[in-house]
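**Student:** Fold the stuff below for me.
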Amino acid sequence: MLTRLSAVVAVLMTAVLTGTAAAVPPPPPNPSDSEISASRAEADAKAARVGELTGRLTQAESRLQELLDDVSYKRELANKARVDLETAISEAEAARREATAARVEADAASKAVEKSRLELDEFAAASYAQGTTVGSFSAYIGAKSPEDLLARAQMLEAVSASSLNRLDQVTRDQGTAANLDSAARAALQKAEAKQAAADEAKKVAEQAQQVAVDAHSAQAAATEELQSDKDAVERELASARGAVNGLEAQRQQYDQWTEAKKREDEENARRAAAAAAAAAAPQAQAPRPAAAAPAPSGNRVQTVINRALAQRGVIYAWGGGNHYGPTYGVRDGGVADSYGDYRKIGFDCSGLMMYAFAGAGVYLPHYSGYQYNSGRKVPLSQMAPGDMIFWGPGGGTHVALYLGGGMMVEAPHSGAVVRISPVRYGGIMPYVTRML
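**Tutor:** Take a look at the predicted model:
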């Protein structure tokens, strides 16, 4: 009996002297399975909505690009109409000058004819006053002698050979001038009609250009509104995912607490057993727990994906981006310049790939066509997260990074930002490029 009591006292004393394992704190909140499921369902619904809006936004931006191309085409037609009008105006001015010159020439010829007629009338009147009738057959009948008849005949011949012939020539010149005047006026009418047609064509072209610009502006506003809706839903999605993560984190903490509590109870039982054994055999010692193994290192593919996703929301800049991050864009003399890409700090499609893969030690050139040939070709049907997807001949039109689940991250075009989008299969290359 005394021995048994001594053992009990020894156990109690050992427990007091050595202490128990570190006490586990009170349990954290433990959300129910239904709460976690409801939170996940809400996040999934938001994600589906984001996917829907992303698809609509992609279509809207495609339509916006089509309308921008139409604006450019109509703008060129308007430029052509302006050039044609300037040419027509120049031709009409030349026709007016020719018509004015022909009118002046015709008027001068008419005045010359009138002057010749007056001179002839004066000559005839003077001849009549001297007893002769010039320019009339009666001049021969009224002759009083052969000499007088001869004189009168000579006078008529002189008049016919000079004044009358001159009058005929001037009359012919007047007819020629009148013909020139008529032709010039006809040419002027034709030139003015051409100018009027060109002016009307210019108005029509400018109206068509304005219609195209208005359509593009309306689409841009609709696209911006759609982008705003998508951004709002993405924020809601982030909040919903945060709620899911919070509940799951609480559940994980509770599970960890349960494990810690179990280990505490086991440790206390072990210590009690060790103390009891020590009372009977002090030399006995409990075995030490084994050390935990270190965690494995991160995945290079995930590093690439994470670097690309971290740039979501960064503005597109044509020619922008390198291995170290976003940079100023460069001029292209066209669409990118109209968006001011050369004044923006951001990425284009291949610049984003350069930055993403540099995180895994892979340094790509700044051209999607070269990037297409930088790694191993894999059939499109076998693409995996971390593969580069390409569009256009030789992959030279566009490149994006595949994320899995039919989604990709890309720097799409001027006016947009780095974003997650559904994979577009129009114009896609049949192979992806795998670098890792």
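
**Student:** Give the closest residue to His323 in space, chain neighbours not counted.
**Tutor:** Distance criterion C-beta to C-beta, 6 or more residues apart in numbering; nearest residue to His323, sequence neighbours excluded, is Ala358 at 3.8 Å. (C-beta placed from N, C-alpha, C; glycine too.)

**Student:** Check the gap between the one you found and Arg419 for me.
**Tutor:** Using C-beta to C-beta, to the nearest Å, we find Ala358 at a distance of 21 Å from Arg419.

**Student:** Look at the two and report which has more neighbours.
**Tutor:** Of the pair Ala358 and Arg419, Arg419 is the one with more neighbours under other C-beta atoms under 10 Å, namely 22 against 17.

**Student:** Name the nearest residue to the more buried one, ignoring sequence neighbours.
**Tutor:** Arg312 (6.2 Å).

**Student:** how deep is that neighbour tucked in, by neighbour count?
**Tutor:** That count, for Arg312 with other C-beta under 10 Å as the rule, works out to 12.

**Student:** Hmm, Ser350 and Tyr367 touching each other?
**Tutor:** Yes. Tyr367 lies in contact with Ser350 (C-beta atoms under 8 Å); the separation is 5.8 Å.

**Student:** between those two, which one's more packed in?
**Tutor:** Set side by side, Tyr367 and Ser350 show more neighbours around Ser350, with 24 against 13, by other C-beta under 10 Å.

**Student:** which ones are touching the more buried one?
**Tutor:** Residues in contact with Ser350 (C-beta atoms under 8 Å, 6 or more residues apart in numbering) are Gly321, Leu364, Pro365, His366, Tyr367, Ser368, Gln371, Val399.

**Student:** Type out the PyMOL command that picks the buried ones from the residues you listed.
**Tutor:** Buried residues among the contacts of Ser350 (16 or more other C-beta atoms under 10 Å), as a PyMOL selection:
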select buried, resi 321+364+366+368+371+399
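
**Student:** can you redo the contacts of Ser350 as CSV with distance to Arg96 and secondary structure?
**Tutor:** Shown next, in CSV, are the contacts of Ser350 (distance: C-beta to C-beta, whole Å; DSSP: H, G, I helix; E, B strand; the rest coil):
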residue, distance to Arg96, secondary structure
Gly321, 60, coil
Leu364, 66, coil
Pro365, 62, coil
His366, 59, coil
Tyr367, 57, coil
Ser368, 58, helix
Gln371, 63, helix
Val399, 60, strand
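
**Student:** of the contacts of Ser350, closest to Ala411?
**Tutor:** Lowest distance from Ala411 to these (C-beta to C-beta) belongs to Gly321, with 7.5 Å.

**Student:** secondary structure class for Val378?
**Tutor:** Secondary structure, DSSP: H, G, I helix; E, B strand; the rest coil: Val378 is strand.

**Student:** got the contact list for it?
**Tutor:** Counted by C-beta under 8 Å, 6+ apart, Val378 has contacts Ala384, Asp387, Tyr431, Val432, Thr433, Arg434.
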